[in-house]
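> Predicted model and sequence follow; I will ask about them next.
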Amino acid sequence: QVQLVESGGGLVQAGGSLRLSCAASGRTLSGYAMGWFRQAPGKEREFVATVSGNGLNTYYARSAKGRFTISRDNTKGTVFLQMNSLKPEDTAVYYCAADSTDSLYRTPISDYDYWGQGTQVTVSS
C-alpha cells in the first residue's frame, strides 16, 4: 500500500505560480511512476503530467507542456508539480497518483493504483 498526501494548493492570480507537493509513505517511491491529474467542477478528471520512477522520463498533457514541471525526490518520498503562468482554466482539484508498474507515459486514470485526496488550486482572473 502507498499513501499519498498532496499539499501546496491555494488561490493565485492569473500569471502566478504554485508548487504542489505529494508526500508518499508506505513503500519505496522509486518503484512507482507518479502522475498528476486534475478535476475541474463539472468535468472529468484529466491527466496533467507523469514522471518515471527514476525521475528521468517525463510526459505532459498539451495544456501543461511548457508551463508545468513534474519532478521527484525519491530520498524524501515526494513528487512535485511546479506550475507557472497559471490561467483561470487551470482551476481544479489536483491529485497525485502512483503507478506500481513504473511504466512510461501512462495517461489513463485506470493505469494508476493509488491516489491522494487532492488539493484545490484556484486561479483568479
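Yep, that arrived.

> which stretches of the chain form strands?
Along the chain, the stretches classed as strands by DSSP state E are 3-7, 10-13, 18-25, 33-39, 46-51, 58-60, 68-73, 78-83, 92-99, 114-115, 119-124.

> Next up, the contacts around Gly35.
Applying Cβ atoms under 8 Å, 6 or more residues apart in numbering, we find Gly35 in contact with Phe47, Val48, Ala49, Thr50, Val51, Cys96, Ala97, Ala98, Asp99, Arg106, Thr107, Tyr112. Yep, even glycine has a C-beta here, placed from its N, CA and C like the rest.

> switch to 6 Å and redo it
Residues counted as contacts of Gly35 (Cβ atoms under 6 Å, 6 or more residues apart in numbering) are Thr50, Ala97, Tyr112.

> measure it to Tyr112 for me?
From Gly35 across to Tyr112, the span is 6 Å (Cβ to Cβ, to the nearest Å).

> between those two, what contacts are shared?
With Cβ under 6 Å, 6+ apart as the test, Gly35 and Tyr112 both reach Ala97.

> What residue, apart from its backbone neighbours, is nearest Gln82 spatially?
Counting by Cβ to Cβ, 6 or more residues apart in numbering, the nearest residue to Gln82 once its immediate chain neighbours are dropped is Thr69, at 4.4 Å.

> neighbours of that neighbour, just the number please.
17 (other Cβ atoms under 10 Å).

> same thing with the one 5 residues further on?
The burial metric for Asn74, expressed as a neighbour count using other Cβ under 10 Å, is 17.

> Do you know the pLDDT at Leu81?
You'll see Leu81 listed with a pLDDT of 98.
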